[in-house]
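K.L.:
Coordinates for the following, if possible.
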Amino acid sequence: MYLLLTDQCHIRDISDMPAMELERMEEFFAVYKRLPQGSDVIELRGFGDAREAQAMVRQAIDSYRAQ
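P.N.:
Below you'll find the model as predicted:
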């Protein structure tokens, strides 16, 4: 299920996202990956585009089905 807020309906690709939202998402994942304490240090290298995300989802589905 997808929940889109009215002010987000125009977003079709990462380039449509406001810079502040990208910063918030990056911080969320940085904190998430640091939990629980003692987790490995990670390096965030930015965001891919919609095409890259779709390919990753397809690959994950294919891997799941192959099990």
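
K.L.:
mind checking how far S15 is from E43?
P.N.:
22 Å (Cβ to Cβ, to the nearest Å). Where C-beta positions appear, they are placed from N, C-alpha and C, glycine not excepted.

K.L.:
Compare those two (neighbour count), which wins?
P.N.:
Per other Cβ atoms under 10 Å, whichever of S15 and E43 has more neighbours is S15, with 10 against 6.

K.L.:
which residues touch the more buried one?
P.N.:
Shown in contact with S15 (Cβ atoms under 8 Å, 6 or more residues apart in numbering): D49.

K.L.:
now swap in the one 10 residues further on and tell me
P.N.:
In this structure, M25 makes contact with F47, judged by Cβ under 8 Å, 6+ apart.

K.L.:
could you redo the last one with a cut-off of 10 Å?
P.N.:
Residues near M25 by Cβ atoms under 10 Å, 6 or more residues apart in numbering: I14, M17, L44, F47.

K.L.:
pretty sure I11 is in contact with M17, am I right?
P.N.:
Yes: I11 lies in contact with M17 (Cβ atoms under 10 Å); the separation is 6.1 Å.

K.L.:
and the next element down the chain from the helix or strand where M25 lies?
P.N.:
Element membership for M25 (DSSP states H and E) is helix 19-34. As assigned by DSSP H and E, the chain's next helix or strand after helix 19-34 is helix 50-66.
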